[in-house]
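> no sequence for this one, just the structure:
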């Protein structure tokens, strides 16, 4: 087993101002994703104008933060938050849900596309390609914080997390950073380089939903379930249950994109 590295979750501290690595991971994910979206919009014929992705950045931040917080409250700790409503506002105490944040961004993108009178899926296809950047960085920040750790294990690279007791555990945050982040980013990159793939509105969006849901579902077998929830229906975790509709919706979008909606 390996000892947990002595990371300081605080990246910068100046007087009362404290900036954590987790916040920097979010910031880096937004900035890198925004710049890459604009580059793809310039490089790929038929894409929405780059200026729209520039304008959408604020919408995306609001969607992620509000959706992520509301999703965590509803999916993971509703009883506690409804008993103490003021805690809902204390985002600095942690508590964000990817599925909630994704829903928030999808809703923001739908409203934005309607306002700008552009194709929703043409717009989200590029967003889907860059989302793994933020996912990977976020999981690395989870590891630095020593949170969302894995289940007990005797693999040689198991880590004893300060919050996880004395048992060595899977570093599931690293698994997720590599799977949901790096691997999914590579898949989306190479698919986006194919003109025939880009010629189908929604295909890249459907691939992202399907692949993320599948990767996350599998990696949840290595991750300790949330203490307040434990194992749910048929021994699944909340993360796995939330991934199932995501996979089905993604497959439906892929089928829809190939059947009737090819670009001219």
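Alright, I've got the coordinates. Bear in mind the structure is a predicted one, so any value in this text is a computation, not a measurement.

> Just give the nearest non-adjacent residue to residue 226, would you?
Nearest non-adjacent residue to residue 226, counting by CB to CB, 6 or more residues apart in numbering: residue 76, 5.7 Å away. Where C-beta positions appear, they are placed from N, C-alpha and C, glycine not excepted.

> meant to ask about residue 95, not that
Using CB to CB, 6+ apart, the nearest residue to residue 95 is residue 72, at 4.5 Å.

> I'd like the distance from the helix or strand containing the one you found to the chain centre, please.
Following DSSP states H and E, the helix or strand that holds residue 72 is helix 50-76. Computed by CA atoms, centre = their mean, to the nearest Å, the separation of helix 50-76 from the middle of its chain amounts to 11 Å.

> Can you identify the element that follows it toward the C-terminus?
By DSSP H and E, the next helix or strand past helix 50-76 is helix 78-83.

> follow-up on the earlier one: so which other helices or strands are in contact with the helix holding residue 72?
helix 21-43, helix 98-116, helix 120-145, helix 238-259 (3 or more CB pairs under 8 Å, 6 or more residues apart in numbering; DSSP states H and E).

> out of those helices, deepest packed?
When these are scored by mean count of other CB atoms under 10 Å, the highest mean neighbour count falls to helix 120-145 (a mean of 23).

> ok so, going back, so what's the residue nearest to residue 95 up against?
Residue 72 makes contact with 95-97, 100, according to CB atoms under 8 Å, 6 or more residues apart in numbering.

> likewise residue 39?
residue 50.

> if you set the cut-off to 10 Å instead, what comes out?
50, 53, 126, 130 (CB atoms under 10 Å, 6 or more residues apart in numbering).

> Report the separation between the last one and residue 66.
Look at residue 130 and residue 66: by CB to CB, to the nearest Å, they are 20 Å apart.
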